[in-house]
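>>> Could you look at this predicted model? Sequence included:
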Amino acid sequence: MKAGPVLGAVTAVPGVVVIGEGSFVIVIDAKSNQTLFRFQDTNKGSTFFGAASISNGMLFIGNMDDNLYALGL
């Protein structure tokens, strides 16, 4: 992942690792290292800059384009 800066943008919960970097959000199985989910924001100026939060099966992550994304897992 080389689309943008990574500044502590990794979230880990039991069994899952979430990485937000550049225009991508990627969810990885912590045990098998397989990609479970991949999202790319194609809006101009999109940068996922901070760590995600996970609650009740939803992933929340802010973006520098002034949007908060809520993605179902």
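In hand now; what should we look at?
>>> For this protein, give me the ranges with low pLDDT.
Scanning the chain for pLDDT under 70 picks out 1-8, 73.
>>> Do a quick rundown of the helices in it.
With helices called from DSSP state H, the chain shows none.
>>> For burial, what's the neighbour tally of Phe37?
Other residues near Phe37 come to 14 when the count uses other Cβ atoms under 10 Å. In short, each C-beta sits where N, CA and C put it, glycine included.
>>> ok, now Val25?
22.
>>> doesn't Thr35 make contact with it?
No - using Cβ atoms under 8 Å, Val25 is not in contact with Thr35; the gap is 11.1 Å.
>>> Skipping adjacent residues, who's closest to Gly20 in space?
Phe48 (3.5 Å; Cβ to Cβ, 6 or more residues apart in numbering).
>>> which stretches of this structure form strands?
Using DSSP state E, the strands of the chain run over 10-13, 16-21, 24-29, 35-40, 53-55, 58-63, 67-72.
>>> just the ones you listed: most buried one?
strand 16-21 (a mean of 20; mean count of other Cβ atoms under 10 Å).
>>> now that one: how far from the chain's centre is it?
Its chain's C-alpha centre and that of strand 16-21 lie 5 Å apart, by Cα atoms, centre = their mean, to the nearest Å.
>>> hmm, back to that, show me what the residue nearest to Gly20 bridges to in the sheet.
Legend: beta-bridge partners of Phe48 under DSSP bridges are Gly22, Asn63.
>>> need the contact list for it.
Contact analysis of Phe48 by Cβ atoms under 8 Å, 6 or more residues apart in numbering lists 4, 9, 20-25, 41, 61-64.
>>> of the residues you listed, closest to Lys31?
Closest approach to Lys31 among the contacts of Phe48 (Cβ to Cβ): Val25, at 19.9 Å.
>>> which residue packs closest to that closest one, ignoring adjacent ones?
Phe39 (4.6 Å).
>>> Hmm, Leu71 and Met58 touching each other?
Yes - Met58 is in contact with Leu71 according to Cβ under 8 Å; the separation is 7.0 Å.
>>> just checking, the residue nearest to Val25 touches Ser23?
No - look at Phe39 against Ser23 with Cβ under 8 Å: they stay out of range, at 9.0 Å.
>>> Just list the residues touching Phe60, thanks.
Here Phe60 is in contact with 52-54, 68-71 (Cβ under 8 Å, 6+ apart).
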